[in-house]
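# Could you look at this predicted model? Sequence included:
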Amino acid sequence: MSKIKTKPRTVKKISQLTVINPNVAGVDVSDSEMTVAFPINSEQLEIQVFGTFTCDLHVISTCLKKQCVTSVAMESTGVYWVPLFLLLQEEGFEVYLVNAKHVKNVTGRKDDESDAEWIQKLHSCGLLTASFQPDNLTRTLRETVRQRKTLVRTASTNINRIQKALELMNIKLHTIISDIDGKTGMSIVKAILDGERNPEKLADMRDPRIKASREEIIKSLEGQWTREHLFTLRQDYELYCYYSQLIKQCDTEIEQVLLEQIASKNEGVIHDIPPAKRKVSKKNKVSFNLTSDLKEISGVDVTEVNGISELTALSIMSEVGTDLSKWKTEHHFVSWLGLAPNNKISGGIVISSKVPKKKNYAGQSFRQAAESLHKSKCPLGDFFRRIRSRAGTPKAIVATARKLAIIYYMMITKKESFNPSALINFQNKNKERKINQLKKIIAQLEAA
């Protein structure tokens with residue numbers, strides 16, 4: 001019979017719902033109306049419904065100022081909170097954007113008025129925590145980077161449609177060339193749309209770096225040139241070219257925003273930025289030296305970390321900014337990213353330790369970086385494979401992403417370059433341990 005572990009006795013103060021700041025308001029947000037609860041005196045609370053037009057939002061601001069409200073709390077409902085949030089911030093209010101899970105109402109009838117009243121009550125008692133919101137420049141960069149990702153996904157969809165049109169005509173080019181959107185693939189597709197049908201002439205457009213032989217390309221270009229599929233191919237090709245131009249426009253805008261951040265950091269001065277060694281992706285890379293700009297802004301080159309390319313670093317920085325002091329420790333940071341288990345303890349027993357499901361763009365970037373290490377020979381790749389052999393791929397991705405996030409946090413906060421010596425030492429010790437285990441097994445087999 002196992003012994004029952006007893007915890008030492010603790011003495012705490014009785015918690016009471018004491019009103020800390022009475023001059024606060026609560027807002028229930030929707031697409032058609034804003035329900036606002038604010039105090040009119042020390043004993044009475046007024047609940048008023050406003051519209052969602054810009055003029056209505058200014059009326060809300062004026063009304064709250066008249067009642068001497070200093071802080072406003074609202075839950076994050078879709079994107080409907082954004083206009084009111086930004087306007088109240090510009091007007092000088094302290095605005096709390098809170099997670100909808102943290103403001104769930106007590107059991108009873110649910111309506112907009114009771115929700116606004118409950119938010120106001122929790123905020124006045126200091127029971128709400130504001131969600132992270134970036135500064136204006138970071139917000140601009142974040143929206144542009146997200147737009148670029150959307151355009152890249154749409155362009156990839158058009159590439160799939162180009163491959164489908166070729167397959168319907170029994171043109172097997174995409175089975176010979178790994179990337180149909182490369183130089184050779186796009187040149188051949190464009191020539192087909194311009195009227196060229198001779199496989200030998202089309203094969204002459206082959207780039208010397210292509211591994212497939214000229215004869216294989218000629219065989220893959222023999223098919224049936226049907227009218228309807230050529231029409232589909234043309235439209236998909238034009239759409240791909242159009243989205244490629246939009247992606248280039250996003251790159252130009254991203255570069256301008258990064259230069260503004262550099263100027264803001266250096267008191268309006270943009271000096272010559274030394275070029276840095278780039279760790280670019282094979283596809284969808286930007287046209288300028290992104291690594292140099294990111295290093296100038298953050299003070300360190302985070303692309304030195306295995307698995308983090310310059311596009312991954314851009315995606316992370318656009319979500320979290322450069323000031324990570326808003327998270328007290330690296331543990332708070334990985335918890336916000338959704339890379340830490342949510343331990344639920346009852347009766348001294350951990351009844352659940354699942355990683356919460358949350359849509360965090362920075363966390364997704366760290367997960368993608370971790371997944372790219374599954375074949376890497378670096379210490380982080382070895383760590384990924386070791387966890388995968390014991391717990392499976394999903395948990396290995398989360399564990400490696402958490403380690404990457406901690407390294408990123410330490411580099412940004414301490415302004416120190418990536419030093420893999422500790423990881424290498426651990427990797428070597430792990431190898432020695434495995435070698436010793438195998439030697440013991442060999443010795444046992446020889447003695448048997």
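Received the coordinates, thanks.
# and A25, which of the three is it?
The three-state label given to A25 by DSSP: H, G, I helix; E, B strand; the rest coil is strand.
# you'd agree it is up against F38?
Yes. Look at A25 against F38 with CB atoms under 8 Å: they come within range, at 3.9 Å. (Glycine included, C-beta is placed from N, CA and C.)
# So which of the two has more stuff around it?
Applying other CB atoms under 10 Å to A25 and F38 shows that A25 carries more neighbours, namely 27 against 23.
# The closest residue to R386 other than its chain neighbours: how many residues sit nearby?
Closest residue to R386 apart from its sequence neighbours, by CB to CB, 6 or more residues apart in numbering: N430 at 7.3 Å. A count of neighbours around N430, defined by other CB under 10 Å, yields 14.
# which neighbours do A25 and F38 share?
Listed contacts common to A25 and F38 are 64, 67, 69, 120; contacts here mean CB atoms under 8 Å, 6 or more residues apart in numbering.
# which of those residues count as buried?
Buried subset of those (neighbour count, 16 or more other CB atoms under 10 Å): 64, 69, 120.
# where does the first one land in three-state SS?
Pointing back at L64 there. Following three-state DSSP, the label given to L64 is helix.
# Would you map the strands across the stretch 101-250 of the chain?
Ranges of strands within the stretch 101-250 of the chain: none, based on DSSP state E, counting those that start in this stretch.
# Give me the below-cutoff pLDDT ranges for it.
The model of the stretch 101-250 of the chain has pLDDT under 70 over residues 105-109.
# which helices and strands does the helix or strand encompassing T252 pack with?
T252 is part of helix 227-265, with elements assigned from DSSP states H and E. Helices and strands in packing contact with helix 227-265 are listed as helix 136-168, helix 183-193, helix 290-298; criterion 3 or more CB pairs under 8 Å, 6 or more residues apart in numbering; DSSP states H and E.
# for those helices, which one sits closest to A203?
The minimum distance between A203 and those falls on helix 183-193, with 8.2 Å, by CB to CB.
# ok, and for the closest one, which residues are buried?
Using 16+ other CB under 10 Å as the test for burial, helix 183-193 gives 184-186, 188-189, 191-192.
# what's the closest non-adjacent residue to the residue sitting nearest the centre point of the chain?
Within the chain, the residue whose C-alpha comes closest to the C-alpha centroid is Y361; the distance, by CA atoms, centre = their mean, is 2.0 Å. Nearest residue to Y361 in three dimensions, chain neighbours excluded: E319, at 5.0 Å (CB to CB, 6+ apart).
# Out of the buried residues of helix 183-193, flag the one nearest to L404.
G185 (33.3 Å).
# what residues are up against that closest one?
173-174, 177, 179.
# Next: G223.
Neighbours of G223 in contact, by CB under 8 Å, 6+ apart: 166, 169-172.
# give me phi/psi at it?
Summarising the backbone geometry of G223 under the convention degrees, to the nearest 10, its torsions are phi -160, psi -160.
# what do you get for G307?
Given degrees, to the nearest 10, the pair of backbone angles that G307 has is phi 100, psi -20.
# Go ahead and confirm it touches L373.
Yes. Under the criterion of CB under 8 Å, G307 lies in contact with L373, with a separation of 4.7 Å.
# dump the residue contacts of the closest residue to N23 other than its chain neighbours.
Taking CB to CB, 6+ apart, and ignoring the residues beside it in sequence, N23 has T70 as its nearest neighbour in space, at 5.0 Å. By CB under 8 Å, 6+ apart, T70 lies in contact with 21, 23-24, 93-94.
# Could you report the separation of T70 from L97?
16 Å (CB to CB, to the nearest Å).
# what lines up beside the helix or strand hosting I47 in the sheet?
Remark: I47 resides in strand 45-50, with elements defined by DSSP H and E. The sheet places strand 45-50 alongside strand 34-39 (antiparallel), with pairing taken from DSSP bridges.
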